[in-house]
Structure formats: structure tokens, C-alpha cells
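Visitor: okay, sequence plus prediction incoming.
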Amino acid sequence: MMSIPCPWCGPRDEIEFHYGGQAGVAYPQDPHTLTDEDWAQFLFFRDNPRGAFGERWLHAAGCRRWFSLRRDTVTNRILDRHDTRTVGQ
Amino acid sequence: MAEIRGESPLAPRAKLLAEASVPDVLELGEIPFLTQVALRLDPEGAEAARVGAALGAPLPLAPGTSVVAGDLLVLWMGPDEWLVMGEQGRAPEVVSALTRSLEGEHGAVVDVSGQRTTLEVAGPRAEEFLNKGCPLDLHPFSFGPGRCAQTLLARTEVALLRRHGTTPVFWVLVRSSFARHLAGWAADAAAEYGARDTLA
Amino acid sequence: MNNGYRLRARGRIDRDRPLHFTFDGREYQGYEGDTLASALLANGVHQVATSIKHGRPRGIMAAGAEEPNALVQIDEPFPEPMQTATTVRLTDRLAASGLPGRGRLAAEKDPARYDTMHAHCDVLVVGAGPAGLAAALTAARSGARVIVAETDTEFGGALLGTGEQLDGAPAHAWARQAVAELDEHPEVRKLTGTTVFGHYEDNYLVAVEHRGEDAFTRQRVWRIRAREVVHATGAHERPLIFAGNDRPGILLAGAARTYLHRYGVVPGERAVVFTTNDSAYAAAVDLHDAGVEIATVVDARGSVPPHWESLCAERGITLMPGTAVVTSSGPGRVSQVRVAQWWQEEERPGAEHTRIDCDTLLVSGGWNPAVHLHSQARGALRFSEDLGAFVPDQNPRSVRSAGAAAGVLTTSACLSSGSEAGRKAARACGLETETAELPRAASPPVRPGRTVWLVPSPTDSTGDTQYVDLARDATVADIRRALGAGMESVEHIKRYTTLGTAHDQGKTSGTLASGVITELLGRSTGEIGTTTFRAPYTPVAFAALAGRERGDLYDPVRVTSVHDWHVDQGAPFENVGQWKRPWYYPHGGEDMEAAVLRECRAVREGVGLQDVSTLGKIDVQGPDAAEFLDLVYTNKMSTLKVGRIRYGLMCTADGMVFDDGTVARTGEHRYLVTTTSGGAAGVLQWLEDWLQTEWSHLRVHLTSVTDHWATIALAGPRSREVLSRVAPDMELEQEDFPFMAWRDGTVAGHGARVFRISFSGELAYEISVPWWYGREVWEALVAAGAPLGITPYGTETMHVLRAEKGLPIVGQDTDGTVTPYDLGMGWAVSKKKEDFLGKRSFSRADTARTDRKQLVGLLPADPDLVLAEGAQLVEEAELPEPPVPMLGHVTSSYRSAVLERGFALAMVDAGRDRIGDTVHATYGGRLVAATITDHVFYDKEGARRDG
């Protein structure tokens, strides 16, 4: 049971959160100018690193804010946290 | 103020909660029909100050805090979200007062009085009782009077509020559709404090 | 011989409270404070069971959770399998029997209660021996919130079981004082009988508290979040491997000392002590003083430490340095051992041996720090050559090990190491304190031990009776076989031999196994390492893990405000997400099919009503609400006029249908969006995600109002008539209140919002009132409609009616791989909008394929037949040889009252091109023919919706 630092509510148990996958995958400015390959990259391809990974979380049972953080996928240690609204940029 | 004559979510469980209560140890009961108005606005905008002035107390900006504003209570629910609570039947008046204070600025005021009901949990064992189903640290050091939080209780989403007073009193705001589940859990969890075990 | 091995005056048992128990059908007596193991030993019972694979007699070896052998089945008071006699608290009328490795689950229901408690603290101290008590005291004096958890029934650990002195008084007296002081601190919680069995991320620890057989709650699982943790978990004594090292009567030396001091029990009359280190001498001396004849002390080291040499000399105990026990013999229990010369530099013991008669053999191969929790918390280990054991190396964040768990050997050092850990933990919480003033222990100097992994045998050269893991009957021979098969990793060898996989998870055997591998491979032990330590540290009952989350409390159940009415009508319920929805309302002896046909007919011909409160409802407000909804729905919502409603489809970015519902424009900048019952939470999360992270410039607020409103669908050609009776002030005629419009009004005396929408194709309304009026308005509609035969209908009828109209249900007819075009709902996809979620994907090669599965209707050739939902569709009437091409599958299938036949919806490859074709569906064991049709079966022109 990880303790996840919600930027607003502080540390809460993992069960209060909903996982949102890799952070920093922005919705393309104009999807219709992308090739099928580039669009598929956006839709289906994500990193899966061993170690630090930037990812998104929603404090679903709390303040309902999305935020992102970096987690070490080996130790589950949370390395740092980003502000809510920079996700996906 | 208009009296609500309908059936509150926990009215059919009033007897169960009363029977599960142990005087001076742990007392459970529904406070039905409380006015609840969801308020969304930019906390840094002028409208926040106007709303605070209209309520008679500034909106609580620190996460997990609440303020008493006259006979209303304002709970922090998110960085741009509050729940304004009051006696039953005041929703129309509160909605229009808040809407007026927005003065057309972007915000949202929604009557959600039926969305949740209030389970009051009172008594010296209240904290321990809640911790049977709630992972939050409810010690007065970290969750003192006036503190509120949205969290899970018995795997149900709730808003918790510790009331001011000499003995521990918590309000558990629970979605109407989940209220019976929570009452069933509460009666079961309270069984150890002296009332008969409700699950044979 | 009742309690023949019980001393008159020693131990912490209550001799005034005798307890009667049976073991393997024989009656015995013990005392309050005994474990089953101590009571058995007091009665001279060593053999508890036979071993799992080899059927060899096995006895009690340890005095705690590390016991590999003494497995018992509890028969009374309640059947419980696989308990270790060393951890079962003796109770009156306990009945138990020995288990050869496998237990029996109870057939009856467990009447006991198990529950859960969440707790938080600054400092969690695991273990209340000398180190744990010192840590707890020091932390408590700083004002920290402290939890101390101890497996034993009382605090003190080794201080209770060694007979040591502190400040010139018995050590247990100091333990009592320490406990009394802890009681003075209001922020200290003491948990006895509590085993911390898991240490997870961010100092989340899980413990099970045994509250006693008479307690209201038999066991409680504690879920503790601690800022700092001190592991004062002690150490496990390591047995020694020699031929026949598994007989009853062979005990760990420290365990024998515990039985003596804690329970006033001696294990036998004549004992041989076999050791590689100093600690077993204390057992020899203490047992001698208690009247046990010590035949000799066999020490694998070349010389005996002077301190112990003189104590033994005073008592006339003979010492045999530079020797080893090479084999044991006896009919069952040990009756003789053979001792041979074995100097440290010699590879194997000499061939000559001395036979020594004894009924007890006490062994000590050194001590393994109990590093399980430290390792679970990802703390590193290193092999200490000095101790011949794995010890904590780097501590994980906010975790410390203290005392024997950290490889500290003497009581003095344990006390100071505990106190230091307590001080550091408090300081890490921002609390300052002095280290506690500590009592003085007369700890003799400790001389290095000899690390012995294996005593080579003169008789058993393969190692078939040299047991490494007694619980699994895994021997040195098994390890040899694993190495012979090419394995070198300790993890592989564990899985090959099953070493360390029993109830005790290798507490006594794990390090030994690494050592034996080391020796056989000629590597270093540090290089071989250990297997991974995983939770639980000791076995935990599933009942305890489940706690109260069983039966009615297994999962939250959601009900509507009209629920009790449905119950009173005898409706069975269907689970939709966590909701309970009435499925159908049987009349008299009606079965489901008859009830549903009747309900369907009522809606098509008269009027019915359904509780649809479960639909998700989201209030959408803000100047950019229209723009936002245009982005998340496939169709255009910005052009919707206030007062009007539009059906909407939501797709994920990959173009697949995600949810559907209606969108009502309730103001210039305000909409009310409905979602599917099961999808409400997911849709709100999804919308918030886009608003907060991608389109944060849009000024929109979302508020869930699902539970605020009770919503009732009133459907059928006579619905207007019914509504007019309870809403006399509302203008309900077609011109005033057209299809896909909404109006506010008064219904049954309460303010209501009424939508004119239909999921059945009939004239219909959806009436929403605040939750608390739901039941009242429902009953008013039932009363007003009674003269017209109003019929409540459930989810099944709703499904049939919508399927007759070819309306798909997201999640039933779709599965996350279906586009709006696949559903034939291209009409709901805007061609004008520049972009919306999913749009780009419609031109992907795969999404644009014309042979994708498409929603079609199916009419079975036999009109009485109702196809099975999920049935596969194939071309041929007879199955050809596999592989058989699958054309698609049935997604919905019902009997229709209005069509007077069975019909179905299906997803079929290029289905719309196949209309008129015959396909075959699996049905029971055969194939049945069905014709592909358009997916709309009834009222294609939509003539019925206006009544």
C-alpha cells in the first residue's frame, strides 16, 4: 500500500487513487495532420522503464484532482511530484 | 425554511443505528436533509472574496479545513471546490445568494442536498470506530475539530468532518445510494461496544 | 507421567489455573500461560507428528514461530489446520492432534469474528524484547506516538526466557517496569499477541493480533502506517546438520532454555549439548541447575571459552572441544549420539567415535537475525563472517533494525542498540530525547563461533538423513541433486527442492541451505545470498485477512430511493456495477419469461414505469461548456437549444464507443449529462481528466448529481395520460412538450424535471425529483396509473424493448472494440466538427475497414428459439474441420412479445452486407440457423414515440 502524496490533500493510501498511465503524453495539437503511424504512437505506445517513470494519478476518492509524479518502478518509491496542470504539456 | 417531508436515505435504518448505539461510548444517527450546495469558483478571483463576504466568512483555502459562517458550514472539497452546508430546506436561498455573488463570473453553484446524507458518529470511541473502515489518521493531532477530508470508509467514498466540541463528534457525508451499506457496516462495527451483534 | 517434566517453582505459568487438554486422543494437563508445546514437553511428549514425505517421527524443536516440525490440527474449540504447537496458546478443553505436514479445513462455518483496524504512529517498534522495549521507552519519552507489537502474550522477549539478571535483579522485573512506564504514556499503544507479518511500501505494516478465544473479536488485522519503524524482531537459532538431525528429542538449545525459564519445563533427563558458539553453554548450565544431567558439551570449536569452562567445571559438566555429533540414533526419539573428533582445519570428522546415551540433544549452530521484515522493506543484507549469518546492511528509509535482529549478541548491547534506534526514530519525527537510562546486564564476553553448515557423515555420504528443511523433508542429498541438475541460484534450488516453502518459510533452514550450497559449490555464502523474503512472516488465516468484508459487507451495495418498494413486490435484482436494479416483477407463479413478456406488452400497449435512478448524472456548467461537450461527444452539442435534449455517444481517442446517454441543455452555459448506470464514475473521471490536464483553458465545472435525483421512466402509449393525472399543471401535449425536450413542473406535488425521451420507442417521460421524494412520486404514479393497468418493469424488459428498436447497450453490445459506425450510428457522428475525441481514429486503416464487425439483427429460423448471448456464429450448418472461421457473436438475445418470436442482436463481420444471409449459431451442442436482418426490428419509422 503505497502512500501517494496528493498535491492538495497530502499523503493518502494508494486505494484512494486511480492510475492514469504515463505522464507527458500530450494530445496532439492537430491530430488530423498526423500520419497514421504518429497517431498510433500517441494512442498505443507508452514507455515501460525500469526505474524512474513519470505517471499520472487521480485522487479519485479525495479532491478529484489529476496530478503527476515520478515513481521508481523497482522500489515504488515516489521521487517527486509535479504540479497538477503541467500534465500532458 | 421549507421542511422536507420525504424519506431520507437512512430513515429505514434509524432503528438499526439507534440499537447499535451505546450511550456515552458510541452514538450513531442520521441527520437527514441537510442543505448541501456544491460551489466551484476560482479561489483567486474577486468572486471568491464576494462569496466570502456574502457568507460572512472567507472560503477555507487550506486543504482539509472548514469554516463556520453564521449558521452555514463551508467544507473545502478541492482547490476550487467547496460544500456549503446548512439546516434543511435552505438550498434555494443559499443557491441564489451564491449565484448572486458570482456576478456572472465563471463558477458553479449546484444544489446537491439529495446527493449525500449525514451520519453522525459521536462518543469517546468514535475515532477508533471509524478507523475500523477508514485508513485516515484521525488523531486530534492531525485531524482536529473543523478538519474535513474526502476519503474511504468501508470502501465507500465519504466526506468526513470532525465537529467542534468537548467530546468527539464526526459527521460522515455519504452518497445516498451507499448510505444503507454504510449503516450496515456501522452497526456491525459498533457491535463490539456493547450493543448486540447485528450479523448473526 | 502427568507434568513429570514440570519444575515446582519456575516459569511464568499460573499453577493455580490448571487446564485440561487432549492430544492425539490422550488427556493431559497444563497450566494457564502454557503453549501447547510447553504443555506437551511437561508431560514428556516430544513426538508430535511424522514428517510429510519420509514419514519420520518428528518432535518439538523450537519455542516460537520458527518451529519447522510440531504441526498440529486443532480439533476443539474450532477446527483449524496447520498450527505450530509452539505458538498455540493452551486453553481449557483444547483438543489437538499431530499433522504429517497437511491439515484439514473445517467443514462447518467459523463462528468467530475477525476484523480490521487502521492505525498511524510516529514510531512502530516490532518486538518487545530488550531492544524493542528500550526503543519504545526512548521514543515514548520523546512524546512520540508509539505502537509496540509483540508476538508473545507478554512483553519482555528474551528477558523472560533466559533467566538473566539486570541491575542485579531478574531481567523480567525490569521488563515489568518498562511496561509500566509505557502504560504511563498516553500516546503509546501496546499490542501483545500481535505478529507483524508484512512490511510494505512507505512503512505500511500489517499485523495480526490474537485477542483470545473468548474475545468479541478473535483476531484483528492491524494496518499500520508508521513514520519510522524499529525492527527489534530478535534472532532465530540455527540448527546443525548431521546424519539423523531430525529426531524427536533434538531441540534448539535456546528453546530448551525458554521452556525452562518461561514455562518451568525441562526437555528430558539426560542431555547432550552440541554447539558451535557460546550461547548453548547457558542452556547447559541452566538445565544442569534445574536437575537435568548434562552428559557432555560437544563444541565444534577447538577451545572452550574460559568463562563457560569454569562454570561447567564447577558443575562437573564434561566438555568435548574440537568434536561434533556425527549421527543420532534411537527407536524414535533420540537415545544415543555418536561424537567424533573434528578440528576446524579438517574437512571431515574422524572415523573414531564415542557413543553417548541421552534422551535429549540440544543444538546450536549460531543465530540468524530475523531480517524478514527488514528484507520485505527492501533493506539490503550482507553475510557477516563473524556471526556466520546474514545481517541487515543498508537500512531502508525510515527503518532501523536493533538488537539481535541487527546481529547484536548480548543483552547489554541489545538494550543500547534498541535505545539508540528509538532515539533516532524519534529524532526523524522531529522529536528530541535522551537515550533511556539502561539497566546493566552482566553479559559475559562472547567468543567467535565456528560457522558449520554441515557435519559430514561417516555413514550417510549422500546426505539422505541430513535434513536441511525438516518441514519439507528436504535434505543435503536433495541439494546435491539440484546442483547436479545444473542449478546454482538459491532461488532455483529452492523451487527444485521445495526448501523454505513450508508453513515456516524456512526460518530455521534458509540460511543453512545457502550455507550448504556454498560449501558444495565452493563459493562464498555472501555470493550465494538468500531467497527473497516475502509476506506473510507467519501464516495468517484468510478469515482474518477478509475481516468483516464478507456476506452483506463483501462489497458496497447501492440502492435507489424506491428500493424497498421493489423488494416488497418480490422483484429479483440484477447487479449493475454496485447497484441493485429490479430485474422483473413476477406475478403469482410467473417465471421470468412470462413476467417479461407481460411487462413488454404493457409498455407497448398501455403504460409501464421503471426506476432509472441509477443512471449517472453530471451537471456541466461554464461559458465553455458547449465547446467542451463538442470535444467529448461525437455529435454536436453546442447547437442544442435550451430546453432540448440530444442523444450522445462518447468515444475514446482510439475511436471506440466508451459511453452513451442524453445531454439536456438546461441553460445558456449549462447542461445535464446522463451516463450509463455502470459508467458514471468512469465518465466523470474521464471528463475531469481532459478538463484538468489537456483543456485547462476551458471554463467548465462538473458536478456529480447522480444520487441527488431519483428518476422514474414512464413509458407507453398511455404514459401522457398517467402523467397528466399527477402533473395537472404541466402542458404535456405534443406541441407544448415535444420529443427530446425537457420541462420543469410539479409532479405529485413536488418540483420535478421531466425529460421526454424514450429508450423503448414508445411515448415516454423521465421524471426526476430529489432523492427523498422518489418513493412518494413512484407510488403516486402507480396509483394514478392503476386504472390504466400501469405495470412496473425491470431491467430485462427495458433490455428487450430497446433491442426491438435496435438500440445498443454500451458494455453489452459493445466491448471497447466497436466504433459508432460499427453500430450503424454514423448519424450520431458529426461531420462538421473540426475535432472531437475519436475522430482522428475513424480514418485509421483498421477502423476504416469495411469488413469490421457490425451490429445486425438475427432471427432464428425456429421462431420459438432464443439464441444464447455470447454464442459464436459460423457459416456452415455442419462444423467443418478446424480451424472454423468465426463470423461473429450474439450480443443480446430475447423473446419478443410484439414480434412473437425470439430475436437477437449480433456483431458480425461485414454484417450489413450480409443482411438476408443465413448463418449458424452454436446452441447447446448443436448449430441452429438464423437470418441476418437489420438491427431495428420494430417501428422502424419511429411512429410510436409521440403516442
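Guide: That came through fine.
Visitor: middle-most residue in chain B, spatially?
Guide: Centroid-nearest residue in chain B: residue B:173, 3.9 Å away (criterion: Cα atoms, centre = their mean).
Visitor: list the contacts of the residue nearest to the spatial centre of chain A.
Guide: Closest to where the C-alpha atoms of chain A average out (Cα atoms, centre = their mean) is residue A:56, at 1.6 Å. By Cβ atoms under 8 Å, 6 or more residues apart in numbering or on different chains, residue A:56 lies in contact with A:19-23, A:66-68, A:87, C:693. C-beta here means a position set from N, CA and C on the backbone, and glycine is covered the same way.
Visitor: likewise for residue B:155?
Guide: With contact set as Cβ under 8 Å, 6+ apart, residue B:155 has these partners: B:133, C:549, C:555-556.
Visitor: re the thing from before, drop anything exposed from the contacts of residue A:56.
Guide: A:20, A:23, A:66-68, A:87, C:693 (16 or more other Cβ atoms under 10 Å in any protein chain shown).
Visitor: need phi/psi at residue C:115.
Guide: When read as degrees, to the nearest 10, the backbone of residue C:115 gives phi -140, psi -170.
Visitor: against residue B:162, how distant is it?
Guide: Residue C:115 sits 23 Å away from residue B:162, going by Cβ to Cβ, to the nearest Å.
Visitor: what's the answer for residue C:817, then?
Guide: To residue B:162, residue C:817 is 48 Å away according to Cβ to Cβ.
Visitor: between these two, which has more neighbouring residues?
Guide: residue B:162 (23 against 12; other Cβ atoms under 10 Å in any protein chain shown).
Visitor: on the three-state scheme, the residue in chain B that chain C sits nearest to is what?
Guide: Of all residues in chain B, residue B:6 sits closest to chain C, at 3.0 Å by Cβ to the nearest Cβ. Three-state assignment for residue B:6 (DSSP: H, G, I helix; E, B strand; the rest coil): coil.
Visitor: any low-confidence regions in chain A?
Guide: For chain A, applying pLDDT under 70 flags the ranges A:82-89.
Visitor: which residues are in contact with residue C:844?
Guide: By Cβ under 8 Å, 6+ apart, the contact set of residue C:844 is A:36, A:39-40, C:655.
Visitor: which of the residues you listed are buried, as a PyMOL select command?
Guide: Buried residues among the contacts of residue C:844 (16+ other Cβ under 10 Å), as a PyMOL selection:
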select buried, (chain A and resi 39+40) or (chain C and resi 655)
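Visitor: now the contacts of residue C:844 in CSV, with secondary structure and distance to chain B?
Guide: Formatted as CSV, the contacts of residue C:844 follow (DSSP: H, G, I helix; E, B strand; the rest coil; distance: Cβ to the nearest Cβ, whole Å):
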residue, secondary structure, distance to chain B
A:36, helix, 38
A:39, helix, 33
A:40, helix, 35
C:655, coil, 31
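Visitor: make JSON lines from the contacts of residue B:155 and add neighbour count to it.
Guide: Converted to JSON lines, those look like this (neighbours: other Cβ atoms under 10 Å in any protein chain shown):
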{"residue": "B:133", "neighbour count": "25"}
{"residue": "C:549", "neighbour count": "16"}
{"residue": "C:555", "neighbour count": "10"}
{"residue": "C:556", "neighbour count": "19"}
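Visitor: need the max-distance pair from those.
Guide: Farthest pair in these (Cβ to Cβ) is B:133 and C:555. Separation: 13.3 Å.
Visitor: can you spell out the domain ranges of chain B, please?
Guide: With domains defined by automatic domain parsing, chain B comprises B:11-33+B:114-199, B:35-111.
Visitor: now do the buried residues in the one helix or strand residue C:324 maps to.
Guide: Element membership for residue C:324, per DSSP states H and E: strand C:323-329. Under the neighbour-count criterion of 16+ other Cβ under 10 Å, strand C:323-329 has C:323-328 buried.
Visitor: restrict the contacts of residue B:155 to those near chain A?
Guide: Filtering those for proximity to chain A (criterion: Cβ under 8 Å from any Cβ of the partner chain) leaves nothing.
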